[in-house]
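Visitor: What follows is a protein structure lacking sequence information:
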């Protein structure tokens, strides 16, 4: 029992010395490649200055498109596309792109695609004198977004950390990422998320913000902190659904939480019980051995009938 008390005391002391950490949710962020066109309005045949950044690819392809390229390559002046390499991957590319009239009406854009076609960025561009028409969307085929999901246990200071390590309520940091894989900006994506111990179990909801506008090729990301009530151990399933832009997209993962202090105490208790049982068995054996030796000693000191020291019946005379 002394060992158990020492372990508990050391754990409490460690937890009290742990720095207090804030569990504020992170603000949503938008990441991904970018392109900026300057000036924002030019005539066909004039150059537009493009500043391109955030690409992992070694080179990019730049194209002028009408109809915001919503119907894909059919809206773009593919024959006038230009490819160029990054001189320094750590620095933005600056390129003067000649403007040509696209085959579709404006609203027009400059579309920049990396060697990995999943890297896309667009910038609005007004082409002087080019006709402007209503936007025409293609039929929705396939998903418009990709959803990423990750979760991990969050740091919990002080006594909260002890309770978590004993299987009590535990904080989890859940990160959700939504990437626009379509050819159009998306502004109507809605997110919902839950966590539970099974497919139909819901023990916590994720307080996710609506992403708002996600540009072409951009990724919206948010990390939220949630508290899973006790008992908190074993497998937890996290689920997120993105809807409102094309078909609903689901993402789910499973995490494992092992409360190390509860396991340690259980192992220590089991060890103590085993030691007590062994000590009891050893003491019982020693007691039986001592009793057996005492009986042997008594029988060895008792005089026998043939002993010369034993008095005979003839020598015993009444007074």
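Guide: Nice, I can see it. From a predicted model like this one, the values you see are computed outputs, not experimental measurements. Residues are numbered from 1 along each chain as shown.
Visitor: Break the protein into its domains for me.
Guide: Domain assignment of the chain by automatic domain parsing yields the ranges 21-29+142-258, 33-128.
Visitor: Pick out the shakiest of these, pLDDT-wise.
Guide: Among the domains of the chain, domain 21-29+142-258 carries the lowest mean pLDDT, a mean of 85.
Visitor: Specify the local secondary structure of residue 141.
Guide: Look at residue 141: counting by DSSP: H, G, I helix; E, B strand; the rest coil, its state is coil.
Visitor: sorry, that was for residue 281
Guide: Secondary structure, three-state DSSP: residue 281 is helix.
Visitor: Tell me the spacing between it and residue 287.
Guide: 11 Å (Cβ to Cβ, to the nearest Å). Heads up, the C-betas are built off the backbone N, CA and C, glycines and all.
Visitor: repeat for residue 50
Guide: Separation of residue 50 from residue 287 (Cβ to Cβ): 93 Å.
Visitor: Checking the nearest residue to residue 44 once chain neighbours are set aside next. Helix, strand or coil?
Guide: Nearest residue to residue 44 in three dimensions, chain neighbours excluded: residue 101, at 4.7 Å (Cβ to Cβ, 6 or more residues apart in numbering). Secondary structure, three-state DSSP: residue 101 is coil.
Visitor: Now residue 101, what are its backbone angles?
Guide: Residue 101 has phi and psi values of phi -70, psi 130 when expressed as degrees, to the nearest 10.
Visitor: swap in the one 4 residues further on?
Guide: Backbone geometry at residue 105, expressed as degrees, to the nearest 10, gives phi -70, psi 160.
Visitor: show me the residues around the residue lying closest to it once chain neighbours are set aside that make contact.
Guide: Sequence neighbours aside, residue 133 is the residue nearest to residue 105 in space, at 3.4 Å (criterion: Cβ to Cβ, 6+ apart). Counting by Cβ atoms under 8 Å, 6 or more residues apart in numbering, residue 133 makes contact with 67, 104, 105, 106.
Visitor: Inside helices: which ones of those?
Guide: Among the contacts of residue 133, no member falls in helices (criterion: DSSP state H).
Visitor: Now do the strand or helix carrying residue 175: which elements does it pack against?
Guide: Here residue 175 sits within strand 170-180, counting by DSSP states H and E. Contacts defined by 3 or more Cβ pairs under 8 Å, 6 or more residues apart in numbering; DSSP states H and E place strand 170-180 against strand 145-153, helix 158-165, strand 190-196, strand 219-228, strand 234-243, strand 249-257.
Visitor: Try it again at 7 Å.
Guide: The elements that strand 170-180 packs onto, with contact taken as 3 or more Cβ pairs under 7 Å, 6 or more residues apart in numbering; DSSP states H and E, are strand 145-153, strand 219-228, strand 234-243.
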